[in-house]
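# the following comprises the amino acid sequence and a computationally predicted model.
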Amino acid sequence: MRITVFGAAGNVGSRVVTEALTRGHEVTAVVRDPARFAELHPDATHRAGDAGVPQRVAELSAGQDLVVNATRPAPGREAEHAAISRALLAGLARVDGVRLLIVGGAGSLTVPGKPGVLAIDDPDYVPTAWRHIAQASNDQFDAVRTADTEVDWTYLSPPALLEPGVRTGTYRLGADELIVDAEGSSAISMEDLAVALMDEAERPKHHRTRFTAGY
């Protein structure tokens, strides 16, 4: 599979690149600033590009099978989160047969046992300090799910806690409800989120919808 990863130098993007390369895929790793090429996996093809520019998205996606959006806005630029997703959809509408997988946020997932309560409104899962990026991710999800597009997109919501860790290769899947374990913890390592994303890429089960993964 030929895969373009936007946000390839980030915490999640870099792990997606590594997971995809380990599985034998051809990966184009994209960052905004060429100065960050040194941070990219040496076995990936390095390209500079802005995921917020549809024409550049189209150029970097031509001839590919899959585009992964793992971008995350810098503090103070949260509004870019939804705008970038719109730009990706607009860019991919100009090329044929390229699927889009978006690594999003957990704030729009519902809390188990609390009907109608979203994770963003439950401080047990989204502390006040995280609300700004959680809201940006909720806006991102709304932008994607309401888009008038023929692009084959899938939105992956992580659990409440997404941190660097180890690759176990095991996880559980869900739809619109936060996945929690017996102790009430909602978590997954970035390495295992990359596994879940690449499993979905290789064996698609979700089209034009959202899914989540957690322990």
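Yep, that arrived.
# how far is the helix ranked longest in the chain from where the chain is centred?
Criterion DSSP state H: the longest helix present in the chain is helix 131-145. Distance, stretch centre to chain centre, for helix 131-145: 12 Å (Cα atoms, centre = their mean, to the nearest Å).
# got a list of contacts for it?
With contacts defined as Cβ atoms under 8 Å, 6 or more residues apart in numbering, helix 131-145 is touched by 72-73, 75, 78-79, 81-86, 89, 102, 104-108, 118-120, 126, 153, 155, 157, 210. To be clear about C-beta, it is placed using only N, CA and C from the backbone, and glycine gets the same treatment.
# try 6 Å this time
Contact with helix 131-145 is made by 78, 81-82, 85-86, 104-105, 107-108, 120, 126, 153, 155, as judged by Cβ atoms under 6 Å, 6 or more residues apart in numbering.
# repeat for stretch 174-184
109-112, 119, 159, 172, 186, 212, 214-215.
# same deal with stretch 24-44?
Stretch 24-44 is contacted from outside by 1-6, 8-9, 17-18, 20-21, 45-50, 60, using Cβ under 6 Å, 6+ apart.
# can you tell me which residues contact Thr22?
By Cβ under 6 Å, 6+ apart, Thr22 lies in contact with nothing.
# and what of Asn69?
Contact analysis of Asn69 by Cβ under 6 Å, 6+ apart lists 6, 88, 102.
# sitting in strands, which of those do you find?
6, 102 (DSSP state E).
# rewinding a little: most neighbours among the contacts of stretch 174-184, which one?
Counting neighbours by other Cβ atoms under 10 Å, the top entry in these is Leu109, with 30 neighbours.
# from Asp142, how far out is that residue?
Separation of Leu109 from Asp142 (Cβ to Cβ, to the nearest Å): 14 Å.
# do Asp50 as well
Distance from Asp50 to Asp142, by Cβ to Cβ: 22 Å.
# same question for Pro112.
To Asp142, Pro112 is 22 Å away according to Cβ to Cβ.
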